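Colleague: fold the stuff below for me.
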Amino acid sequence: MPSLASILALAAPLMVYAAPVRRDGDPNNLLVLKFADVLEQFESTFYQQALQKFQSTDFTAAGFVDAQIPVQQFTAIQADEAAHQTVLGTTIESLGDKALDGCNFDFGNALNDVTTMAATARVVENLGVGAYLGAAHLISDPVLLTAAASILTVEARHQTILNVLNNGMSIPAAFDIPLLPNEVLAVAGAFISGCDTGIQANQALTITNTGSVGPGTSLTFSSPAINGSTDGLFCQMLVGGMPSSISLPFDQCVVPEGVEGPVGLFITSDQQPLNNNVRDRAAQTVLAGPALAFIDTQKQLLSQLVLAASSDSNSESSSQTTTISPSEATSILSSVSAASATGDASGASATDSAASASATDSAASASATDGSSVSAGNGAAGSSAGASASGSAAGASSTAPPESDTTVVDAPGGRNNFTGQSANGAITPELPADAGSSASASASDSAAGASATDSAAVSATDSAASASATDSAAASAPSSDSAVSANPSN
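Modeller: Okay, the predicted model is just below:
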């Protein structure tokens with residue numbers, strides 16, 4: 001029986017809905033399609049390697065109630081990405097060109113353990129959605145634009161699943177953040193080498209905070225583009241649905257109340273806010289970024305059905321934070337980039353992070369704080385499986401383990417998995433809350449969510465409405481499903 005991929009390859013013309021393809025069209029069409037194809041290659045390879053490496057015990061040790069829940073989702077997502085890659089490649093050939101080959105993908109510490117892999121996958125899917133949205137206005141052929149939009153909608157479904165698997169809100173905002181191809185590569189470029197996408201990446205941006213990131217947190221950064229004095233530099237926070245970024249002085253970059261979900265962080269040379277409409281974004285003032293951060297202040301029952309630690313009613317602490325090893329989420333890219341060639345199309349450079357996320361027996365027993373310890377891959381899960389989320393939470397200690405590059409957490413993801421490259425690669429997701437706090441959190445959820453929705457809807461009315469009518473495709477069409485892995489880490 002022929003595989004789905006082979007059927008799609010034969011049916012590739014359906015991607016353009018059986019309409020004839022003009023070979024004398026805008027060269028930007030091909031550029032976007034080829035860039036999207038590289039990102040799809042990246043995503044497909046990432047999930048394929050993850051599924052090959054991790055066993056059921058690795059997923060249960062990471063805090064999942066049933067290993068088949070994440071395995072089924074990752075398997076379905078990998079099949080989607082492979083299908084996207086096949087159709088994009090065939091479509092490129094129908095336009096008289098060929099897809100880029102020779103691309104190498106180095107995931108480094110991103111696949112050290114299930115927790116880090118899941119956090120990285122969340123970055124990958126959110127970045128993919130932003131990539132397709134941000135490239136939509138570059139596609140002049142309406143048939144190709146519609147086909148790209150059909151991929152975007154599926155990427156958005158992946159995004160929702162990964163939010164849930166990482167203990168975040170399934171749909172944290174009413175609007176997503178569009179990202180230009182060069183912005184996507186600022187995050188994903190360190191994973192990719194060996195092929196030239198024809199796009200110059202922005203300078204990478206590193207979030208250097210090592211603690212919890214949420215409303216009230218003062219963010220600190222580093223980047224090759226930031227040398228010496230930071231006087232006159234500004235921090236820009238892009239949030240879905242807002243007409244423009246929140247502009248703050250570099251040394252006063254504090255996360256405001258009401259922000260939920262992904263945030264795109266940039267450093268600019270002036271205080272002029274960045275337009276959320278990518279067509280009119282003043283990219284010439286951007287010195288570095290974006291880095292992606294996830295602000296997860298609200299919890300949902302949906303994640304509690306998936307994660308054992310999230311639903312543990314005996315947990316003694318409502319909000320503890322522990323540090324995951326270097327290069328988590330987008331930061332993972334920093335550890336990977338050292339392995340990728342500096343001449344790589346992304347232009348991103350980084351250094352290897354030697355930190356290991358494997359959990360030792362002692363760490364497993366010490367993790368009796370809020371849940372089970374997360375064992376690294378390579379079969380380490382077997383030893384930590386005994387320290388399951390429900391078991392360890394019952395006798396939990398009231399003291400959180402000290403933060404270090406090798407500390408592991410009891411459930412994948414969690415709040416505040418910020419994703420930019422960080423000084424030591426560390427990111428700090430918050431451990432799941434107890435049943436009591438979850439209940440109160442979900443109770444306040446609706447009120448907070450309502451106000452956030454009103455705010456987003458209102459602020460998005462002018463910009464999003466007009467943006468949907470622009471060249472960039474309705475609803476701020478996407479950019480490139482593959483915008484992958486942004487800066488995943490560990």
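
Colleague: looks to me like residue 144 is in a strand.
Modeller: No. Assignment of residue 144 by DSSP: H, G, I helix; E, B strand; the rest coil gives helix, placing it outside any strand.

Colleague: per-residue pLDDT, it?
Modeller: As predicted, residue 144 sits at a pLDDT of 95.

Colleague: list the buried residues of stretch 41-58.
Modeller: Neighbour-count burial for stretch 41-58 flags 41-50, 53-55, 57-58 (criterion: 16 or more other CB atoms under 10 Å). Using the backbone N, CA and C atoms, a C-beta is placed for each residue, glycine as well.

Colleague: which of these fall in helices?
Modeller: 41-50, 53, 57-58 (DSSP state H).

Colleague: residue 144 touches residue 29, doesn't it?
Modeller: Yes. Assessed by CB atoms under 8 Å, residue 144 is found in contact with residue 29 at 5.7 Å.

Colleague: where in this structure is pLDDT low?
Modeller: With pLDDT under 70 as the threshold, the chain has low-confidence stretches at 1-25, 211-212, 309-490.

Colleague: all strands for it, in order.
Modeller: For the chain, the strands defined by DSSP state E cover 104-105, 192-193, 206-207, 221-222, 234-239, 246-249, 261-268, 286-295.

Colleague: how about those strands in a markdown table, adding mean neighbour count?
Modeller: Listed next are the strands of the chain as a markdown table, based on neighbours: other CB atoms under 10 Å:
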| stretch | mean neighbour count |
| --- | --- |
| strand 104-105 | 18 |
| strand 192-193 | 26 |
| strand 206-207 | 25 |
| strand 221-222 | 22 |
| strand 234-239 | 25 |
| strand 246-249 | 16 |
| strand 261-268 | 25 |
| strand 286-295 | 27 |
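
Colleague: neighbours of the closest residue to residue 99 other than its chain neighbours, how many?
Modeller: Counting by CB to CB, 6 or more residues apart in numbering, residue 99 lies nearest to residue 89, which is 4.3 Å off, once chain neighbours are set aside. Look at residue 89: counted by other CB atoms under 10 Å, it has 21 neighbours.

Colleague: got the contact list for residue 89?
Modeller: 37, 98-99 (CB atoms under 8 Å, 6 or more residues apart in numbering).

Colleague: follow-up on the earlier one: ok, so of the buried residues of stretch 41-58, who is nearest residue 227?
Modeller: Minimum distance to residue 227 across the buried residues of stretch 41-58 is 30.6 Å, recorded for residue 42 (CB to CB).

Colleague: wait, isn't that closest one in contact with residue 105?
Modeller: Yes. Under the criterion of CB under 8 Å, residue 42 makes contact with residue 105 at 5.3 Å.

Colleague: so what sits against both of these two?
Modeller: Joint contacts of residue 42 and residue 105 (CB under 8 Å, 6+ apart) are 191-192.

Colleague: just grab the bridge partners of residue 193 for me.
Modeller: Assessed by DSSP bridges, residue 193 has beta-bridge partners residue 104.

Colleague: measure it to residue 106 for me?
Modeller: Applying CB to CB, to the nearest Å, the value for residue 193 to residue 106 is 7 Å.

Colleague: now, the contacts of residue 89 that are in helices?
Modeller: Within these, residues falling in helices by DSSP H are residue 37.

Colleague: any idea how many residues pack against residue 121?
Modeller: Residues near residue 121, counting by other CB under 10 Å, number 31.

Colleague: ok, it touching residue 74?
Modeller: Yes. Under the criterion of CB under 8 Å, residue 121 makes contact with residue 74 at 7.4 Å.

Colleague: nearest spatial neighbour of residue 247, chain-adjacent residues omitted?
Modeller: In space, residue 247 is closest to residue 273, 4.5 Å off (CB to CB, 6+ apart).

Colleague: residues touching the one you found, list them.
Modeller: Counting by CB under 8 Å, 6+ apart, residue 273 has contacts 236, 244-247.

Colleague: show me the two of the ones in helices among the buried residues of stretch 41-58 that sit farthest apart.
Modeller: Maximum distance among those (CB to CB): 29.6 Å, for 41 and 57.

Colleague: what's the overlap in contacts for residue 121 and residue 74?
Modeller: With CB under 8 Å, 6+ apart, residue 121 and residue 74 have common neighbours 47, 50.

Colleague: can you pull out the helices in this protein?
Modeller: Under DSSP H, the chain gives helices at 4-10, 27-53, 56-61, 68-94, 114-135, 142-165, 181-188, 301-306, 332-337, 361-366, 381-384, 389-394, 435-468.

Colleague: on that earlier part again, turn the strands of the chain into TSV, including distance to residue 65.
Modeller: Shown next, in TSV, are those (distance: least, CB to CB, whole Å):
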stretch	distance to residue 65
strand 104-105	31
strand 192-193	35
strand 206-207	31
strand 221-222	37
strand 234-239	32
strand 246-249	37
strand 261-268	24
strand 286-295	22
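
Colleague: among those strands, which comes closest to residue 83?
Modeller: Proximity to residue 83 (CB to CB) singles out strand 104-105 among the strands of the chain, at 18.2 Å.

Colleague: which strands and helices lie in contact with that closest one?
Modeller: helix 27-53, strand 192-193 (3 or more CB pairs under 8 Å, 6 or more residues apart in numbering; DSSP states H and E).

Colleague: who's in contact with the nearest residue to residue 182 once chain neighbours are set aside?
Modeller: Spatial nearest neighbour of residue 182, chain neighbours left out: residue 202 (5.2 Å); criterion: CB to CB, 6+ apart. Shown in contact with residue 202 (CB under 8 Å, 6+ apart): 182-183, 185-186, 286, 288-290.

Colleague: and what of residue 33?
Modeller: Listed by CB under 8 Å, 6+ apart, the contact partners of residue 33 are 88, 91-92, 95, 144, 148.

Colleague: how near is it to residue 172?
Modeller: Using CB to CB, one gets 30 Å for the distance from residue 33 to residue 172.

Colleague: residue 117 now?
Modeller: 21 Å.

Colleague: do the same with residue 182
Modeller: Counting by CB to CB - residue 182 and residue 172 are separated by 25 Å.

Colleague: got the buried residues for stretch 69-78?
Modeller: Here stretch 69-78 shows 69-71, 73-74, 77-78 as buried, counting by 16+ other CB under 10 Å.
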